[in-house]
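>>> Got a predicted model here, sequence first, then my questions.
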Amino acid sequence: MQSDESNQQSGDGNHPAAADAGLLLDGLLGSLLEDFRFWFERGQVLLAHCPDSVMPAEARANLAQQLDHASRELAAASSLREAAPTAMALEMGTLAPWHKLVLEIWGLSARLRLADVPLPPPPLRRETQGPA
């Protein structure tokens, strides 16, 4: 059973736990969006260095189009996050295609490395996730 004080606070947007959860959600979403931005940009770099022997031109054009579309969606989501007065989340239906695209980028990176294609190093990041 909750105390009267906790009952009064739970309906209040100023509840410390709610504020902490909002900050945590905002921090996680910001980090996630930054990761997607990094990998979408890295994907463009990988495509620019990708020979036909690793991926045919038509497949590269298709992946480049997907990256462009996802980058525009990501920019819109980032703008909404910055403009929102409170913490927000994104639906899994939005994130799932982006995640799939990142997996494709990782696969391309692996194929380029197996083919000994020289690649520029990725830009420095606070933390690295997945193959470069």
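It's in.
>>> residues touching the nearest residue to A21 once chain neighbours are set aside, list them.
Spatial nearest neighbour of A21, excluding adjacent residues (CB to CB, 6 or more residues apart in numbering): A87 at 7.8 Å. C-beta coordinates here come from the backbone N, C-alpha and C atoms, glycine included. A87 makes contact with 21-23, 25-26, 29, according to CB atoms under 8 Å, 6 or more residues apart in numbering.
>>> Tally up the residues packed near G107, please.
Counted with other CB atoms under 10 Å, residues neighbouring G107 total 12.
>>> And it, how close does it get to L114?
11 Å (CB to CB, to the nearest Å).
>>> One more: A87?
Distance of A87 to L114, computed by CB to CB: 42 Å.
>>> Please apply the same query to L24.
39 Å.
>>> Helix or strand: which one has the residue nearest to the spatial centre of the chain?
The chain has F36 as the residue nearest its centroid, 2.3 Å off, counting by CA atoms, centre = their mean. Using DSSP states H and E, F36 sits within helix 16-48.
>>> quick one: the helices in the chain?
4-10, 16-48, 57-83, 92-114 (DSSP state H).
>>> right, so of those helices, which gets closest to P122?
Across the helices of the chain, the minimum distance to P122, taken as CB to CB, is reached by helix 16-48, at 5.7 Å.
>>> And that closest one, what's buried?
For helix 16-48, a neighbour-count test (16 or more other CB atoms under 10 Å) marks 26, 29, 33, 35-36, 38-40, 42-43, 46-47 as buried.
>>> just the angle between that helix and helix 57-83, please?
Angle of helix 16-48 versus helix 57-83, following axes from the mean of the first three to the mean of the last three CA atoms, to 10 degrees, is 150 degrees.
>>> Check which helices and strands helix 16-48 is in contact with.
Helix 16-48 sits against helix 57-83, helix 92-114, with contacts defined as 3 or more CB pairs under 8 Å, 6 or more residues apart in numbering; DSSP states H and E.
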